[in-house]
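# 3D, please:
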Amino acid sequence: MFNIILFGPPGSGKGTQSEKLVAKYHLKHLSTGDLLRSEIAAQTPLGLEAKSLMDKGQLVPDEVVVGMISSALEQHPDAKGFLFDGFPRTKTQCEALDALLKLKHTQINVVLALEVSEEELVKRLLNRGLTSGRSDDTNEAVIRARIEEYNAKTATVKAYYAKFNKVVDVKGEGAVEEIFNSLCSEINKRLS
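All right, here's what the predicted structure looks like:
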């Protein structure tokens, strides 16, 4: 099983690149954002709580996210691997994910970190907000708060996996295909 974490701030292109990587490498895509949005759409108590936090630019509690990931792993026992998108976001989540994967006799093989400037992120998210229907993509102050929270909390994720030599920085600005080819190059090095 080959497992990838696609890492990057909101608006870095994780969604676009995830779709392409999942198709090419036949991975199961685990996007905590998608899992949460389906809870919000279903108006479950979890979804309503998550929406309230997300609208303020805050992250959803670890135990909720880890529970959703565990359930998703159990639903796909024969997967070739998983692409984690938007998770983990904290050192605690890294440790919980590693423990969960160890129970499944697998591990994270590589962390691909998309590097994008803050101004480019804000521009992309405001543009996405015109069509996404996501309230957290329409307010520049909320967007900047999300980026600030991402930088403050998730720098520890990069540091955590860097200790195991699993982090690769990939330029996340430029043509979609160019970025995709860079990501594939890093994955292929680890598959051979």
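# make it CA atoms for all contacts and neighbour counts henceforth
OK.
# ok, which stretches of the protein are helices?
With DSSP state H as the criterion, the chain has helices at 14-25, 32-41, 45-55, 62-75, 91-103, 118-132, 140-162, 176-191.
# What is the burial count for Glu120?
Neighbour count of Glu120, defined by other C-alpha atoms under 10 Å: 12.
# sorry, back to before: of the helices of the chain, give the one that comes closest to Leu112.
helix 176-191 (7.2 Å; C-alpha to C-alpha).
# That closest one to helix 14-25, inter-axis angle?
50 degrees (axes from the mean of the first three to the mean of the last three C-alpha atoms, to 10 degrees).
# List the buried residues of helix 176-191.
With burial defined by 16 or more other C-alpha atoms under 10 Å, the residues of helix 176-191 counted as buried are Ile179, Phe180, Leu183, Glu186, Ile187.
# Identify the residue nearest the first one in space, chain neighbours excluded?
Okay, so that is Ile179. Excluding the flanking residues, the one nearest Ile179 by C-alpha to C-alpha, 6 or more residues apart in numbering is Gly172, at 6.1 Å.
# middle-most residue in this structure, spatially?
The centroid of the chain falls nearest to Gly86 when counting by C-alpha atoms, centre = their mean (1.9 Å).
# give the contact list for that one.
Residues counted as contacts of Gly86 (C-alpha atoms under 8 Å, 6 or more residues apart in numbering) are Leu6, Phe7, Gly8, Ser31, Thr32, Gly33.
# Any figure for the gap between it and Gly33?
Distance, Gly86 to Gly33, by C-alpha to C-alpha, to the nearest Å: 7 Å.
# cool, Lys91 as well?
As for Lys91, its distance to Gly33 is 19 Å (criterion: C-alpha to C-alpha).
# Who has more neighbours out of these two?
Per other C-alpha under 10 Å, whichever of Lys91 and Gly33 has more neighbours is Lys91, with 18 against 14.
# Enumerate every residue touching that one.
Contacts of Lys91 (C-alpha under 8 Å, 6+ apart): Thr154, Thr156, Val157, Tyr160.
# From Leu46, how far out is it?
23 Å.
# Check Glu19 too.
Noted for Glu19: a distance of 26 Å to Leu46, by C-alpha to C-alpha.
# could I have the helix or strand of the chain with the lowest mean pLDDT exported to PDB, CA atoms only?
Ranked by mean pLDDT, DSSP states H and E, the weakest helix or strand in the chain is helix 62-75, scoring a mean of 77. The C-alpha trace of helix 62-75 is given here as PDB (Å, rounded to 0.1, in the frame of the first residue of the first chain):
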ATOM      1  CA  ASP A  62      -9.000  16.200  16.100                       C
ATOM      2  CA  GLU A  63     -11.200  13.400  17.500                       C
ATOM      3  CA  VAL A  64     -13.900  14.100  14.900                       C
ATOM      4  CA  VAL A  65     -11.500  14.100  12.000                       C
ATOM      5  CA  VAL A  66      -9.500  11.000  13.100                       C
ATOM      6  CA  GLY A  67     -12.800   9.100  13.600                       C
ATOM      7  CA  MET A  68     -13.900  10.000  10.000                       C
ATOM      8  CA  ILE A  69     -10.500   8.900   8.600                       C
ATOM      9  CA  SER A  70     -10.600   5.600  10.500                       C
ATOM     10  CA  SER A  71     -14.000   4.800   9.200                       C
ATOM     11  CA  ALA A  72     -12.900   5.700   5.600                       C
ATOM     12  CA  LEU A  73      -9.900   3.300   5.900                       C
ATOM     13  CA  GLU A  74     -12.100   0.500   7.100                       C
ATOM     14  CA  GLN A  75     -14.400   1.000   4.100                       C
END
